[in-house]
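Student: Sequence and predicted structure are below.
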Amino acid sequence: MNPLFVLVDKIEELMGHSPHPAIVAVPLGAWTVSNVCDGLAVATGSETFDDAARISMGIGLAGAVAAAVTGWHDYVRISQQRPAYEVATTHGLGNVVATTLMAGSFILRGLDHQRGERPSIATRLLGLSAGGLTLYTGWLGGKLVEEMGVGVHPVQRQMRSQESAMPSPESAMRSQASASL
């Protein structure tokens, strides 16, 4: 078994639910601060806001690693037959794209900082695009939990019991055939 998943299982047992919703606050909050600081840097010309944007972006990237591990842990538990699986796939892939955009912006900011230059508009737009995308993926995450019950243990247990109680397609066809006779 994956040692990271064992650790996440222990944390989940301690918390009583998946740690993913709590952990995602780190990258989402840090990246929001970064986007706001970018806007303030452009509006005021202050390099202090450039530094704050870069540092908060790095904090968000570190948090995104933990969010990805816990998110993957939750994702592999969703049955591919559930409608939530497709939503979770879109949620996860969107977050990979957002994290990649943030990482690109972070690397470019670091290079600009080493050269004593301010971030370019393109560098800022990478971060802003990632921030915008996380609004959508965050909404999908909320849909997964609030509407589809993913990560809500009583709902998951009920779904598993319903899935195990459902007849296989072959036995359902046999039942229909014998009922029509």
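Tutor: All right, it came through fine. Numbering: from 1, shown residues only.

Student: you'd agree G92 is up against G71?
Tutor: Yes: here G92 reaches G71: they are 6.2 Å apart, a contact under Cβ atoms under 8 Å. Where you see a C-beta, it was placed from the backbone N, CA and C, and this is true even at glycine.

Student: Okay, now the unreliable bits of this protein?
Tutor: Judged by pLDDT under 70, the chain has its weakly predicted residues at 1, 153-181.

Student: Grab the longest helix from it for me.
Tutor: helix 83-114 (DSSP state H).

Student: Counting neighbours, show which residues of it come out buried.
Tutor: 84-85, 87-88, 91-92, 94-95, 98-99, 101-106, 108-109, 112 (16 or more other Cβ atoms under 10 Å).

Student: Show me which positions of the helix or strand harbouring M57 end up buried.
Tutor: In this structure, M57 is located in helix 47-75 according to DSSP states H and E. Using 16+ other Cβ under 10 Å as the burial criterion, the residues of helix 47-75 that qualify are 49-50, 52-61, 63-64, 66-75.

Student: ok, the residue nearest to G138 when sequence neighbours are not counted - contacts?
Tutor: In space, and not counting its chain neighbours, G138 is closest to L28: 6.2 Å by Cβ to Cβ, 6 or more residues apart in numbering. Taking Cβ atoms under 8 Å, 6 or more residues apart in numbering, we find L28 in contact with G60, T134, G138.

Student: Same check on H91?
Tutor: G71, T137, L140, G141, L144.

Student: so the fourth one sits right up against P21, yeah?
Tutor: Just to be clear, that refers to G141. Yes: between G141 and P21 a contact is recorded at 7.5 Å, counting by Cβ under 8 Å.

Student: In terms of neighbours, single out the busier of these two.
Tutor: G141 (26 against 18; other Cβ atoms under 10 Å).

Student: how far away is that one from I121?
Tutor: To I121, G141 is 30 Å away according to Cβ to Cβ, to the nearest Å.

Student: Give me the contact list for the next helix-or-strand element following the longest helix of the chain.
Tutor: Moving toward the C-terminus from helix 83-114, the next helix or strand (DSSP H and E) is helix 121-142. If you take Cβ under 8 Å, 6+ apart as the criterion, helix 121-142 is touched by 21, 24, 27-28, 31-32, 34-35, 38, 42, 53, 57, 87-88, 90-91, 94-95, 97-99, 101-102, 104-106, 108-109, 112.

Student: same thing but 7 Å
Tutor: 24, 28, 31-32, 34-35, 38, 57, 87, 90-91, 94-95, 97-98, 101-102, 104-105, 108-109, 112 (Cβ atoms under 7 Å, 6 or more residues apart in numbering).
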